[in-house]
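[1] Build me a model from this:
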Amino acid sequence: MSTQTYRLYTKILKALANQKRIEILRVLSNRCVTVSELIRMTNMSQANISQHMQVLRHVGIVVTKREGKEITYCISHRNFVHILDFVHEVLSDRHKAAPMRKHSHMAIASKIVDPVCHMNVAPQHAVYTHEHKRTTYYFCAAGCRKTFIKNPEKYV
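    Numbering: from 1, shown residues only. Below you'll find the model as predicted:
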């Protein structure tokens, strides 16, 4: 491989090396999302979202499309989702902490719906969970989990 190729690898991996950007990409792994939805789902400010999206856009991990006044973000290539899935699997295996292992009754369900935003969440890849009345709920991002915890009866 050429030096230029290695530089591109480094740029992409640096862009992925941020907790909030990984959270954003986990949200985008299910579907394209508007800036307003990202703000609500991640509980980040618009300025913070914009900064992270600029980094991801610059290296080609996400693409944008305009729908009226809203900008919608999408992951540019499905393999970026696979990268996140593979790393999550390694971490889960290493720490024996994957939601599927903790909650074996969830093993038959390949997708669960986030009770707040109604986005599909794969239990084996869920980073955010919360137990309420002996039931485990899975969330696509921190903002949805935080909203649920404030008023769980609204979403149960």
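
[2] Could you report the distance from H132 to S29?
    To S29, H132 is 25 Å away according to C-beta to C-beta, to the nearest Å. (Glycine included, C-beta is placed from N, CA and C.)

[3] do N43 as well
    Taken as C-beta to C-beta, the span from N43 to S29 is 18 Å.

[4] More neighbours: the two, which one.
    Applying other C-beta atoms under 10 Å to N43 and S29 shows that S29 carries more neighbours, namely 20 against 16.

[5] Now do the contacts for the closest residue to the more buried one other than its chain neighbours.
    Nearest residue to S29, sequence neighbours excluded (C-beta to C-beta, 6 or more residues apart in numbering): V81, at 4.3 Å. Neighbouring residues of V81 by C-beta atoms under 8 Å, 6 or more residues apart in numbering: L25, S29, I75.

[6] In TSV: these, plus distance to V90 and pLDDT.
    As requested, the contacts of V81 are exported to TSV (distance: C-beta to C-beta, whole Å; pLDDT from 0 to 100):
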residue	distance to V90	pLDDT
L25	17	94
S29	17	90
I75	20	96
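
[7] Which of these fall in strands?
    I75 (DSSP state E).

[8] hang on, C140 packs against C117?
    Yes: contact criterion C-beta atoms under 8 Å: C140 and C117 qualify, at 6.3 Å.

[9] Find residues that contact each of these two.
    With C-beta under 8 Å, 6+ apart as the test, C140 and C117 both reach M41.

[10] Looking at these two, which is more packed in?
    C140 (29 against 21).
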